[in-house]
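Student: compute the structure for the input listed below.
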Amino acid sequence: MKITSVLLAGGQNRRMNGIPKWELEFGKETMLNRSIRRLKNISHQIVIVSGGEYQFPLKDQDVRIHTIYDQTPFLGPLNGILTALQYSQEDYYFIVAADMPFFSIALAKYMLHYTVTNQMDIVIPKWQGKFQPLHGIYSAKIRASIEKDVAQGKHSLIKWILEQEKITIIEDKEIQPFNESGRIFFNMNDPLEYKKGLMWLTEEE
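Tutor: Residues are numbered from 1 along each chain as shown. All right, here's what the predicted structure looks like:
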C-alpha cells in the first residue's frame, strides 16, 4: 500500500547558520535527495512543504514530487501538516522532517498498517519518553480539526495531537525492532549534529 509522503522543510535553519539543512551533502547526495530516494519505495507521490519561497534543487526522479508553500510560514509543523493535507486528497500520509537522515521506512510501513487496520487518525512513536510526531502516520480525517485549531491561533503540534480521539502512540517495545541503531529519530539542527550524522553514515557504509 503506497501513500503520500510529506517532507517538512519549513524551518529557518538558524542553528545551522542559515544553511538549508536539506541542501547539506550527506554521503554522495544531498539530504533532500537521500530522503526522496528512500521515500519513493513506499510513496506514489512525495510532497515537500516549504516555509518560504525556496526553490528545491531536485534531480530527475521516478516518483511524482510536488513542492508547496505554507501561506503562514514559520509557525511550526502543525501548519506544515495542514498545508500538505489541504493540497493533496489522499487518505493517509507519512509525515517526516527533512532533517532526519535515518528515518525508518520499515517503521513507517508498520505504523501505516496499524493505522489502516485499526482505523486510527494518527499513529506516532514515543521513543525513550519523547514524542516523535515528525515520523508519523496521519489520516486525512484530521484536516478539519487542524483547520479549526490553527484558525484559533493554536500551533503546538504535540498538544494538538494529544487532544485527538483516534490516536495511537507506540512506544519503545514496539519500536525497538526498527531502531536497533537508536538513530532513526535523530535530526540535525546544528553543525555538530551534522558532523555526528556524517560519522554515523560512514559507520553504516
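Student: what about Glu174, neighbour count?
Tutor: Residues lying near Glu174 (other CB atoms under 10 Å) number 17. C-beta: built from backbone N, CA, C; applies to glycine.
Student: so what's it up against?
Tutor: Glu174 sits next to Tyr110 when contact means CB atoms under 8 Å, 6 or more residues apart in numbering.
Student: swap in 10 Å and give it another go.
Tutor: Counting by CB atoms under 10 Å, 6 or more residues apart in numbering, Glu174 touches Leu107, Tyr110, Met111, Tyr114, Pro125, Lys126, Thr168.
Student: just the buried positions in the helix or strand containing it, please.
Tutor: Using DSSP states H and E, Glu174 maps to helix 172-175. In terms of neighbour count (16 or more other CB atoms under 10 Å), helix 172-175 has its buried residues at Glu174, Ile175.
Student: check stretch 34-49 too.
Tutor: For stretch 34-49, by 16+ other CB under 10 Å, it's 34-36, 38-40, 42-43, 45-49.
Student: which residue ranges form the helices in the chain?
Tutor: With DSSP state H as the criterion, the chain has helices at 31-39, 77-87, 105-118, 143-151, 157-162, 172-175, 191-204.
Student: ok, which of these comes nearest Thr4?
Tutor: helix 77-87 (7.7 Å; CB to CB).
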